[in-house]
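K.L.:
Sequence isn't available, so here's the structure alone:
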């Protein structure tokens, strides 16, 4: 079996459909022409044999998926779009049509639960391929994407697997079909005439749009030139001014990703170009993307009470000044907690070593292992004995979110990283999101952060930048999450959908509404979430953001903002702390200016 190793790296994926992609190629359809062709593709596409509701695909976690193509000319774009929704291995079926028998394809795909076949008229006239489908549809989910002539439909009379058929042969039809498989677009048509007793007039299945769609700005009523030129100029300014070596920007409007582009390089002095699939340390975006997500779900289940106290969940805190602090106060940063505790400056030489062992199991980074129970022996006591000074006032605190982490972990008996991976990231189809990324990805896919010559004496690439989170082994309530822009967009499209994505309700709508709305009498904050600032001079998070906007920034140079008024998700990821911490990204207002450029493009329309 030969797999397409470029898989997720195919920014040329977007190149087939989006002129704003980092690696765009010349294409037959752009702008309004693309939108018109997409509408034609929708009108020409029907879904057959979906009695078991296999389409759109659900249960993305623990589902190995392979896409098999033969003679289609559109396989690269089709497969690349599939990989926006889930990890899909690509198999060239032609490898099994010569000396290697097609029966070997059955053997080589035995560990896949779902097979997606891209078929043309030529494949439907091949009895070997039809038999391959018949054999597999009995044992696993098989999905057929057929683009071709209606006369070939009769070859599928004995097939029970779902068939997405498009009579319109074009690259856009292939892209439409790929997205329809995952519910990125809806299938709205039925057969207009009869082709066989099985495929009779007015038969077919209608589906709903349940996930992000990937399209052009014109599909959301925006002129691509207005969006591209403005964002390009600001991103290039950031790099030229050395505010960051590179960045990735993503914009989703109306449930459609209309802009996703990478700029610059991983580092100023090397040739690793940023890709839209790159993974970034999102720093304090962890607070809402992990800890708060889990807390909301536990709140829905009645397991977390916002007005209960630290002492009620953590017996170890009952004889401290933290015992009466409420979960609500912690998540609103009004508990009077200090911003952070001392980190590397209090680590003793006997607390760490260069090699791992049973006594030194906590890996901080290469060549730095912390002694067992350091958090329980040193960090947690420092938190518990720290002063409570300004209760009732807004003081941003990492310590509060570490306490929140201890609370949710106590409730679930599960580490934060494992809970959010299982309950959110994997089922949502977020392929890169998670803590401790080097356990799953090579460093070349991860944008490095600081060259820490003082404490860790290493370039931090794949190890969390935040020093407190680092000493906690990379998993903390306030920092430690790594993700790509597409993954962040998926998570916050779920939030914009008021808790639903892919046909699954992750969080109750009323909970999303409560936690993301203004809750504090003394700050702009929601519960866990940062929000739009009513003090006009601050222009936070941007001049044109609506008062419904919520999200968070990250110290490493990241942000996520959701604006329900405009049905908008804006993601900015960078590694502005490379090679060392500076504030040019902030002083140049790069993140808010790009966000304003999006609003301006929306206002200008087509």
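P.N.:
It's in. These numbers were taken from a predicted model, which means no experiment stands behind them.
K.L.:
Confirm that residue 544 sits in a strand.
P.N.:
No. Assessed with DSSP: H, G, I helix; E, B strand; the rest coil, residue 544 is coil; it does not lie in a strand.
K.L.:
Can you give me the pLDDT of the residue nearest to residue 353 when sequence neighbours are not counted?
P.N.:
Using Cβ to Cβ, 6 or more residues apart in numbering and skipping the chain neighbours, the partner closest in space to residue 353 is residue 360 (4.8 Å). C-beta: built from backbone N, CA, C; applies to glycine. With respect to pLDDT, residue 360 has a value of 98.
K.L.:
My guess is residue 360 contacts residue 350. True?
P.N.:
No. Assessed by Cβ atoms under 8 Å, residue 360 is found out of contact with residue 350, at 10.2 Å.
K.L.:
check which helix or strand covers residue 597.
P.N.:
When elements are assigned from DSSP states H and E, residue 597 belongs to helix 590-604.
K.L.:
How far does that helix sit from its chain's centre?
P.N.:
Between the mean C-alpha location of helix 590-604 and the chain-wide mean there is a distance of 22 Å, by Cα atoms, centre = their mean, to the nearest Å.
K.L.:
I'd like to know how far the residue nearest to residue 353 sits from residue 441.
P.N.:
Look at residue 360 and residue 441: by Cβ to Cβ, to the nearest Å, they are 25 Å apart.
K.L.:
And the residue nearest in space to the middle of the chain, its phi and psi?
P.N.:
Taking Cα atoms, centre = their mean as the criterion, residue 487 is the residue nearest the geometric centre of the chain, at 0.7 Å. Dihedral angles of residue 487 (phi, psi; degrees, to the nearest 10) stand at phi -70, psi -40.
K.L.:
Who are the contact partners of it?
P.N.:
When contacts are counted by Cβ atoms under 8 Å, 6 or more residues apart in numbering, residue 487 is found next to 425, 430, 431, 432, 433.
K.L.:
returning to what we had before: any residues in contact with both of residue 360 and residue 350?
P.N.:
Residues within reach of residue 360 and of residue 350 at once, by Cβ under 8 Å, 6+ apart, are residue 371.
K.L.:
Which one of the two is surrounded by more residues?
P.N.:
Legend: neighbour count by other Cβ atoms under 10 Å for residue 360 and residue 350, higher for residue 360 (18 against 7).
K.L.:
got a list of what the more buried one touches?
P.N.:
Remark: with contacts taken as Cβ under 8 Å, 6+ apart, residue 360 is in contact with 352, 353, 369, 370, 371, 372.
K.L.:
List only buried entries from those residues.
P.N.:
Buried members of the contacts of residue 360, counted by 16 or more other Cβ atoms under 10 Å: 352, 369, 370, 371.
K.L.:
The residue lying closest to the third one once chain neighbours are set aside and residue 413, how far apart?
P.N.:
Excluding the flanking residues, the one nearest residue 370 by Cβ to Cβ, 6+ apart is residue 362, at 4.0 Å. Shown here: residue 362 relative to residue 413, a distance of 20 Å by Cβ to Cβ.
K.L.:
more crowded one of these two?
P.N.:
Here residue 362 and residue 413 are set side by side on neighbour count (other Cβ under 10 Å), and the busier one is residue 362, at 20 against 7.
K.L.:
Contacts only, for the more buried one.
P.N.:
With contacts defined as Cβ under 8 Å, 6+ apart, the neighbours of residue 362 are 369, 370, 371, 372, 374, 471, 473.
K.L.:
Check which residues of stretch 120-139 are buried.
P.N.:
For stretch 120-139, the neighbour count (16+ other Cβ under 10 Å) marks 120, 123, 124, 126, 129, 130, 132, 133, 136, 137 as buried.
K.L.:
Now that residue 498 has come up, it's in contact with residue 509, right?
P.N.:
Yes. Contact status for residue 498 versus residue 509: in contact at 3.9 Å, counting by Cβ under 8 Å.
K.L.:
Neighbour count for these two, which is higher?
P.N.:
For residue 498 and residue 509, the more surrounded residue by other Cβ under 10 Å is residue 498, and the numbers stand at 16 against 12.
K.L.:
Now the more buried one, what are its backbone angles?
P.N.:
phi 60, psi 50.
K.L.:
check contacts around it.
P.N.:
For residue 498, the residues meeting the contact criterion (Cβ under 8 Å, 6+ apart) are 509, 512, 513.
K.L.:
what about the last one, how many residues close to it?
P.N.:
As a burial measure, the neighbour count of residue 513 was computed by other Cβ under 10 Å and equals 13.
K.L.:
now the one 10 residues further on
P.N.:
Neighbour count for residue 523, taken as other Cβ under 10 Å: 18.
K.L.:
can you check residue 547 too?
P.N.:
Here the number of neighbours of residue 547 (other Cβ under 10 Å) works out to 12.
K.L.:
The stretch 1-150 of the chain: strands as residue ranges?
P.N.:
45-48, 65-69, 88-92, 114-119, 141-147 (DSSP state E, counting those that start in this stretch).
K.L.:
is it true that residue 178 lies in a helix?
P.N.:
Yes. According to three-state DSSP, the state of residue 178 is that of a helix.
K.L.:
Of the strands of the stretch 1-150 of the chain, which is nearest residue 419?
P.N.:
Nearest to residue 419 among the strands of the stretch 1-150 of the chain is strand 65-69; the distance by Cβ to Cβ comes to 24.5 Å.
K.L.:
So for stretch 100-109, mean pLDDT?
P.N.:
Confidence over stretch 100-109, taken as the mean pLDDT, stands at 88.
K.L.:
before we move on, what about stretch 285-299?
P.N.:
Stretch 285-299 shows a mean pLDDT of 98 in the predicted model.
K.L.:
How far off centre is that stretch?
P.N.:
Its chain's average C-alpha position is 15 Å from that of stretch 285-299, according to Cα atoms, centre = their mean.
K.L.:
do the same with stretch 488-504
P.N.:
Remark: stretch 488-504 is offset 10 Å from the chain centroid, using Cα atoms, centre = their mean.
K.L.:
picking that back up, let me know which of the strands of the stretch 1-150 of the chain is the nearest to residue 342.
P.N.:
Nearest to residue 342 among these is strand 88-92; the distance by Cβ to Cβ comes to 46.4 Å.
K.L.:
what packs against the closest one?
P.N.:
For strand 88-92, the packing partners by 3 or more Cβ pairs under 8 Å, 6 or more residues apart in numbering; DSSP states H and E come out as strand 65-69, helix 75-85.
K.L.:
and the residue of the chain positioned farthest from its centre, what element?
P.N.:
Distance to the chain centre peaks in the chain at residue 197, reaching 43.6 Å (criterion: Cα atoms, centre = their mean). Residue 197 is located outside every helix and strand, with elements delineated by DSSP H and E.
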